[in-house]
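Peer 1: could you work out the structure for the sequence below:
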Amino acid sequence: MNPRNERRYLAAVAAAENRPLHSTPRRRVVRGIAWLVLAVALYFVFQFSGTPKAREWLWVAAAFVVGAFAGALGVYDAARKQWPVIQRYIDFERVKARLSEIDG
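Peer 2: Modelled structure (predicted):
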């Protein structure tokens, strides 16, 4: 692995040792807003149905971006829920030792 990337990954793991988890209600609000924007965007796509024009394609692109954002939030939430279990098996002392070894 590239030493620069290895350092970046190990630094992120070391920093995550004591980082508090984000609150779940805040994450739900963000996800709800993302789904609402997606629903509104799709409504406008179907409202202007017919021969697609640039505006309709823009709405489709916006819906795609919002859907991708909502999917990324889902992946992030799944990883966040799994972190307390995985964290027990990480030897943070070895991670920090490797970081100091890379930094020289």
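
Peer 1: mind listing residues that contact the helix or strand that contains residue 41?
Peer 2: Here residue 41 sits within helix 24-47, counting by DSSP states H and E. Contacts to helix 24-47, defined as C-beta atoms under 8 Å, 6 or more residues apart in numbering, come from residues 56, 59-60, 62-63, 66-67, 69-70, 73-74, 77, 80. C-betas here are computed from N, CA, C, even on glycine.

Peer 1: now, those that are in helices?
Peer 2: Members of the contacts of helix 24-47 lying in helices (criterion: DSSP state H): 56, 59-60, 62-63, 66-67, 69-70, 73-74, 77, 80.

Peer 1: in stretch 93-103, what counts as buried?
Peer 2: Buried residues in stretch 93-103, defined by neighbour count with 16 or more other C-beta atoms under 10 Å: residue 95.

Peer 1: quick one: distance of it to the chain centre.
Peer 2: 27 Å (C-alpha atoms, centre = their mean, to the nearest Å).

Peer 1: show residues contacting that stretch.
Peer 2: 3, 6-7, 10-11, 13-14.

Peer 1: same list (the residues you listed) but as TSV, adding distance to residue 86, pLDDT and secondary structure.
Peer 2: Converted to TSV, the contacts of stretch 93-103 look like this (distance: C-beta to C-beta, whole Å; pLDDT from 0 to 100; DSSP: H, G, I helix; E, B strand; the rest coil):
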residue	distance to residue 86	pLDDT	secondary structure
3	24	80	helix
6	19	86	helix
7	21	87	helix
10	15	87	helix
11	17	88	helix
13	10	85	helix
14	14	85	helix
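
Peer 1: which among the contacts of helix 24-47 count as buried?
Peer 2: For the contacts of helix 24-47, a burial check counting by 16+ other C-beta under 10 Å picks out 56, 59, 62-63, 66-67, 69-70, 73, 77.

Peer 1: just those residues now: which is nearest residue 86?
Peer 2: The closest of these to residue 86 turns out to be residue 77 (C-beta to C-beta; 14.7 Å).
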